[in-house]
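Trainee: With the input below, show me the fold.
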Amino acid sequence: MLIHQNKIPKNTGNRSLWFRLLSYSAFWTLFALMFGGYLLSLTFKETIENNFDERLNGLLENLIGISQSNSEGQVNFYRAMADSRFEQPYSGWYWQVSALAHEPFSSRSLWDQTLEPDLSTPKSQTHFSMVVGPENQKLRVAERDIILPGGETVFRFSVAIDRTEIKEQLDRFDNILIYSLSALGFGLIAASFLQVYLGLKPLRNIRRSLSRIRTGEDAHLPEDFPTEIQPLADEMNALLDHNNQVINRSRTQVGNLAHALKTPLAVLTTESELHKGQLSDVVARQSDMMRRQVDHYLRRARVAASTKIITSRTEVNPVLKDFCRVMAKIHTNKQFVMLPATEDSKLFFKGERQDLEEMVGNLIENAAKWSDTKVAISCERQGEEIHLQVADDGPGIDKKVRDSVFMRGERLDENTPGTGLGLSIVKDLSGLYGGDIRLLDNKPHGLLAILSLPSVVN
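Mentor: Predicted structure coming up:
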């Protein structure tokens, strides 16, 4: 079975190794940064709140330390609190001493407000809680019940500070954390992209090397890949060598078979010529038919094998020029014109030179046979194909019978020398390479043959 190797499957996003590696890396990087950022924020918040509570407890100890009880059972201070914010109205820093059946004694900062401690619940140890203070301030309160020396009254000492100070510190830390982790995440994803890009570079090199092998520029993959990739390259090279060995062996076997058949056919032909008669005529005709069939299928087998050699390629223009030069010497009364290519002058046929020569030779020879004065040859590439055009100014072929000229042995004019195999051979060979041949009218008169063949795309 003939296998065409003209197309390479395109990559799809869901199968891309590059996309998978980069997406996995980006996902886990973002997850780790978000989770780590959450833990850092939580730890910082806990640390700040613990420090805040320790500071509250220190202020409470200070308030208790400067307190004393007078003879009337009231509390007074032998010095003021060190922080001046306890003297500023609604500053967010407050203290208060409360007792049952006594008016609360509070800092100047509370002004006309008071804290509302729950005196019904004893608090022998420092207790922290949240309350709403003046102007809807969210206060963190430290409280403790104390009996001052020389007295019997249980006083509730309370110190409160607005949590806005903590919130500002936490917000500032969270903003710094978000910006820092975002920059770190961007850097890590960029590093992952660079790592994946450089890590997959050997695979891209293999792809380019295989493309060069497919176009016939190289015969093997190079041997300078990384240690993880080189075994794959070695196996590919071994597969290419094995493929070429199998094809060469097949060619040899087909050639041997053809030669083995040609010898008996030659004997039959010779004997039929020596012994004239009705039987000898039959033997001669059948022997000639068998010889043609052997040549035909030998050619098909050779071409089928050569199309599987992915390194085969032939430059087209030198072949065309050679045939134009030869035909000009044979048909001295006719002009052979080689038209310039519309694209790059170096066009390559994806196949062997002798197959291209056989197809081109049959087309140019057929055009020279039927032309009046001129044969024009041109070639151009269209996509992954080359289109070779041979035009003559002869009588042309009627559209109704054009398909029949591709039949083996079919001749439209028995008076013109020929076997009727030329266009049939071109049809067979081009079909084996995945190409085609079409016959069109050449304006103002004549025939235009367009041969489509696979091209090597550089």
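Trainee: the helices in the chain, which residues?
Mentor: Remark: helices assigned in the chain by DSSP state H are 17-65, 164-199, 201-214, 230-274, 278-306, 316-330, 353-370, 422-432.
Trainee: List the buried residues in stretch 22-35.
Mentor: Judged by neighbour count using 16 or more other CB atoms under 10 Å, the buried positions of stretch 22-35 are 22, 25, 29, 33. No exception for glycine: its C-beta is placed from N, CA and C like everyone else's.
Trainee: Quick one: residues contacting the closest residue to the first one other than its chain neighbours.
Mentor: Translated: residue 22. Leaving aside its sequence neighbours, residue 22 sits nearest to residue 196 (CB to CB, 6 or more residues apart in numbering; 5.3 Å). Applying CB atoms under 8 Å, 6 or more residues apart in numbering to residue 196 gives the contacts 18, 21, 22, 25.
Trainee: Provide the backbone phi and psi angles at the closest residue to residue 135 other than its chain neighbours.
Mentor: Counting by CB to CB, 6+ apart, residue 135 lies nearest to residue 90, which is 5.8 Å off, once chain neighbours are set aside. Torsion angles at residue 90 (phi, psi; degrees, to the nearest 10) stand at phi 50, psi 40.
Trainee: next one: residue 229
Mentor: Main-chain dihedrals, residue 229, degrees, to the nearest 10: phi -100, psi -30.
Trainee: Now for the closest residue to it other than its chain neighbours: which residues touch it?
Mentor: Of all residues not flanking residue 229 in the chain, residue 202 sits nearest, at 4.6 Å (CB to CB, 6+ apart). Shown in contact with residue 202 (CB under 8 Å, 6+ apart): 225, 226, 229.
Trainee: Report the buried members of those residues.
Mentor: residue 225.
Trainee: between the contacts of residue 202, which is closest to residue 352?
Mentor: The shortest approach to residue 352 among those belongs to residue 225, at 30.3 Å (CB to CB).
Trainee: Quick check: the gap between the closest one and residue 237.
Mentor: For residue 225, the distance to residue 237 equals 11 Å [CB to CB, to the nearest Å].
Trainee: same thing with residue 169?
Mentor: 66 Å.
Trainee: Could you do residue 360 as well?
Mentor: Residue 360 sits 34 Å away from residue 237, going by CB to CB.
Trainee: The two: who's more crowded?
Mentor: Between residue 360 and residue 237, residue 360 has the larger neighbour count (other CB atoms under 10 Å), namely 24 against 16.
Trainee: Tell me the spacing between residue 389 and residue 382.
Mentor: Separation of residue 389 from residue 382 (CB to CB) stands at 11 Å.
Trainee: And the two? Which one has more around it.
Mentor: Ranked by neighbour count (other CB under 10 Å), residue 389 and residue 382 place residue 389 first, with 18 against 11.
Trainee: so who does residue 99 touch?
Mentor: 119, 153, 154, 155, 156.
Trainee: My guess is the first one contacts residue 100. True?
Mentor: Yes. In this structure, residue 119 is within contact of residue 100 by CB atoms under 8 Å, at 5.7 Å.
Trainee: Give me the more crowded residue out of the two.
Mentor: With neighbours defined as other CB under 10 Å, residue 119 and residue 100 compare such that residue 119 has more, 16 against 10.
Trainee: give the contact list for the more buried one.
Mentor: Taking CB under 8 Å, 6+ apart, we find residue 119 in contact with 98, 99, 100, 156.
Trainee: for residue 373, same thing?
Mentor: By CB under 8 Å, 6+ apart, the neighbours of residue 373 are 333, 334, 335, 393.
Trainee: List phi and psi for the first one.
Mentor: In this case it means residue 333. phi -90, psi 10.
Trainee: what's the spacing between the residue nearest to residue 22 and residue 167?
Mentor: For residue 196, the distance to residue 167 - CB to CB - is 42 Å.
Trainee: Look at residue 133 and say how many residues are nearby.
Mentor: Residue 133: 22 neighbours (other CB under 10 Å).
Trainee: Could you find the closest non-adjacent residue to it?
Mentor: Once flanking residues are discounted, residue 133 sits nearest to residue 139: 4.2 Å by CB to CB, 6+ apart.
Trainee: what sits opposite that neighbour in the beta ladder?
Mentor: Beta-bridge partners for residue 139, by DSSP bridges, are residue 131, residue 162.
Trainee: Contacts only, for it.
Mentor: Residue 139 neighbours (CB under 8 Å, 6+ apart): 92, 94, 115, 130, 131, 132, 133, 160, 161, 162, 163.
Trainee: From those, keep the buried residues only.
Mentor: With neighbours counted by 16+ other CB under 10 Å, those contain buried members at 92, 94, 115, 133, 160, 161, 162, 163.
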